[in-house]
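1. generate a structure from the sequence data that follows.
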Amino acid sequence: MIIRKQLKVYAFLLCGLFVAAGLILWNGSRDFTGGAVGTGAQSAKKITDIIADKADQVIEFDGDASDIQWSCANALGQIQVGYFYQLDGKAILDDTKNLKHIEIEFDVTEMMANAASLSEKLQGPGFFQTTTYPTSKFFSTSISNSPRAGDPEGTSHVVEANFQLRDVTKSITIPVSVKFEEGKFSLVSTFKLNRKDYGVVHPVAFEDKGIHEDVLLNLSIQVDASSDGTNSGNQTATLLEGVDLGPRFTEEIPITLSQFEMIKVPGDSFKGIADFYLGQCEVKWDAFDYWALCQDISEKQAVLARNKLLRPSAPHDLQAIYRGWGRKDQPVIGVSRKSAELYCQWLSEQTGKPYRLPTSQEWMHAFELGGQTELSEKEKIAWYLNNTLDDEGFYNRAMKVGT
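-> Numbering: from 1, shown residues only. The predicted structure is shown next:
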């Protein structure tokens, strides 16, 4: 019996190794880049100073005018996305509006991934080591306005450039689409790099095998070259402190059109509680998801928000978040207090009213005013263990809001 058990264990382990190996091999053969053009990295070229002629137009840009997105994949097929946020650069166009030169300097310490924990890891040992190599540079060495066979449709130029990352500089060649019409300049390029050409590897060799060698880069620069660089600034919502909105009111989140009911709770001066409004029901997913899934902002802003503003990381499986019970009219469950507080902060910004979580004293006060019911009548007012069987056979589950 012992021998058979051991054989079963060995067989199980061996099967697991084959599965792991299969994942690694699949990772090596699967192209998540959509067939993007490779750069053909070679030895760096000699750089000569670029001097703009009087007839040339110099267009300067920064991180606000640029979307430089990177993405990579692991052996499970999960794709991670991130951006470079701080950069400076310029493009030079000749008198015929052809691209003559482009250069970009990245602040790699401001390279962020979808999750803050991954951003920290990528900036550490074995990867980009940003404390030692804080900047990266892209500097064109020659430019042709004749697309090659196999270049993407819309390619207007082929740029050869020295690209420095960490302590490695390679000459790469990428397809570029350049347009300059009515004072608006755009430059777009999609290409893939082999991270190992630049010494970017996981510090644990076995784990490195589970990461695709290719990194996909999407470069998009949009500049209004006719603008004077001024803008009207952001409008800040005014909080309506102390405004009486009646015994109840309906709130609508403008950006989502989601609505919820608020009820006025009379305060108690003896307890030191002022009047306040309390949600009639729990917060529903349709009001919460827009913030939690960063649907109110661009993908680039979402990555920044997850790193800097503690917005939740994007879940791999939304159905798991909803517990299989669906989203429509369901209450938000399984979130941290911090997420709830940050949501209230966002809600305040969206509506112009000072939303926050109730204190335990305020909640108990509201319960004492309107929630006291004979225990024998609990079936009429609450869902609990014995009455939460639904049509699909779920026990002890979250039920629809307001039921």
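
2. can you give the contact residues for the strand or helix carrying Glu160?
-> Taking DSSP states H and E as the definition, Glu160 sits inside strand 157-165. The contact list for strand 157-165 (Cβ atoms under 8 Å, 6 or more residues apart in numbering) reads 39, 44-45, 47, 98-99, 102, 108, 128, 133, 136-148, 151, 169-178, 189, 193, 198, 200. No exception for glycine: its C-beta is placed from N, CA and C like everyone else's.

3. mean confidence for it?
-> Strand 157-165 comes out with an average pLDDT of 94.

4. repeat for stretch 332-352
-> Averaging pLDDT along stretch 332-352 gives 85.

5. that stretch: which residues count as buried?
-> 332, 339, 342-344, 346-348, 350-351 (16 or more other Cβ atoms under 10 Å).

6. re earlier: drop anything exposed from the contacts of strand 157-165.
-> The neighbour count (16+ other Cβ under 10 Å) marks 39, 44-45, 99, 102, 108, 128, 133, 136, 138-141, 143, 147, 151, 169-178, 189, 193, 198, 200 as buried among the contacts of strand 157-165.

7. sorry, back to before: biggest separation within the buried residues of stretch 332-352, which pair?
-> Spanning the widest gap among these are Ser339 and Thr351, at 18.3 Å by Cβ to Cβ.

8. the longest strand in this protein is where?
-> The strand spanning the most residues in the chain, taking DSSP state E as the definition, is strand 168-181.

9. so the helix or strand that that strand is followed by versus strand 157-165, what angle?
-> Remark: after strand 168-181, the chain's next helix or strand is strand 184-194, criterion DSSP H and E. Angle, strand 184-194 to strand 157-165, by axes from the mean of the first three to the mean of the last three Cα atoms, to 10 degrees: 60 degrees.

10. buried sites along strand 184-194?
-> 185, 187-193.

11. any idea which of these is closest to Ile253?
-> Closest approach between these and Ile253, by Cβ to Cβ: Val188, at 34.2 Å.

12. ok, the nearest residue to that closest one once chain neighbours are set aside - contacts?
-> Distances taken as Cβ to Cβ, 6 or more residues apart in numbering put Ser177 closest to Val188, at 4.6 Å, once the chain neighbours are dropped. By Cβ under 8 Å, 6+ apart, the residues touching Ser177 are 152, 154-157, 186-189.

13. how about TSV for those, with distance to Thr403 added?
-> Shown next, in TSV, are the contacts of Ser177 (distance: Cβ to Cβ, whole Å):
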residue	distance to Thr403
Pro152	53
Gly154	54
Thr155	57
Ser156	59
His157	61
Ser186	52
Leu187	55
Val188	51
Ser189	53
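
14. tell me which two of those residues sit farthest apart.
-> Using Cβ to Cβ, the two most remote members of those are Pro152 and Ser186, lying 14.8 Å apart.

15. what's across from Gly279 in the sheet?
-> Residues in a beta bridge with Gly279, per DSSP bridges, are Met262.

16. quick one on the thing from earlier: with just CA atoms, put the strand holding Glu160 into CSV.
-> The C-alpha trace of strand 157-165 is given here as CSV (Å, rounded to 0.1, in the frame of the first residue of the first chain):
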residue,chain,number,x,y,z
HIS,A,157,8.6,56.3,-42.2
VAL,A,158,11.1,53.7,-41.1
VAL,A,159,13.2,55.0,-38.2
GLU,A,160,16.5,53.5,-37.2
ALA,A,161,17.5,54.6,-33.7
ASN,A,162,19.7,53.8,-30.8
PHE,A,163,17.6,52.7,-27.8
GLN,A,164,19.2,52.6,-24.4
LEU,A,165,17.7,50.7,-21.6
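
17. partners of that strand, with directions?
-> Applying DSSP bridges, strand 157-165 is found paired with strand 135-144 (antiparallel), strand 168-181 (antiparallel).

18. and those as CSV, adding mean pLDDT and distance to Arg356?
-> Below are those laid out as CSV (pLDDT from 0 to 100; distance: least, Cβ to Cβ, whole Å):
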stretch, mean pLDDT, distance to Arg356
strand 135-144, 93, 42
strand 168-181, 93, 48
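
19. Asp53: which of these is closest?
-> With Cβ to Cβ as the criterion, Asp53 lies closest to strand 135-144 of those, at 15.0 Å.

20. give me the contact list for the helix or strand that contains Val58.
-> Using DSSP H and E, Val58 falls within strand 57-62. For strand 57-62, the external contacting residues (Cβ under 8 Å, 6+ apart) are 52, 87-93, 97, 180, 185, 221, 223, 225.

21. try 6 Å this time
-> The contact list for strand 57-62 (Cβ atoms under 6 Å, 6 or more residues apart in numbering) reads 52, 88-93, 185, 221, 223, 225.

22. of those residues, which belong to strands?
-> 88-93, 185, 221, 223.

23. are any of those residues buried, and which?
-> For the ones in strands among the contacts of strand 57-62, a neighbour count by 16+ other Cβ under 10 Å gives the buried set as 89-93, 185, 221, 223.

24. which one of the contacts of strand 57-62 is nearest Trp70?
-> Nearest to Trp70 out of these is Ile221 (Cβ to Cβ; 15.3 Å).

25. so Ala305, which of the three states?
-> Three-state assignment for Ala305 (DSSP: H, G, I helix; E, B strand; the rest coil): helix.

26. now do it: how many residues are near it, please.
-> 18 (other Cβ atoms under 10 Å).

27. per-residue pLDDT, it?
-> 72.

28. what's the distance between Arg356 and Trp363?
-> According to Cβ to Cβ, to the nearest Å, Arg356 stands 12 Å off from Trp363.

29. about what we covered before: hey, what's the angle from the longest strand of the chain to strand 87-93? Just curious.
-> Put simply, strand 168-181 runs at 60 degrees to strand 87-93, going by the same axes, to 10 degrees.

30. that older thread, including distance to Lys121, could the buried ones among the ones in strands among the contacts of strand 57-62 go into a markdown table?
-> Formatted as a markdown table, these follow (distance: Cβ to Cβ, whole Å):
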| residue | distance to Lys121 |
| --- | --- |
| Gly89 | 27 |
| Lys90 | 32 |
| Ala91 | 33 |
| Ile92 | 37 |
| Leu93 | 40 |
| Phe185 | 36 |
| Ile221 | 28 |
| Val223 | 33 |
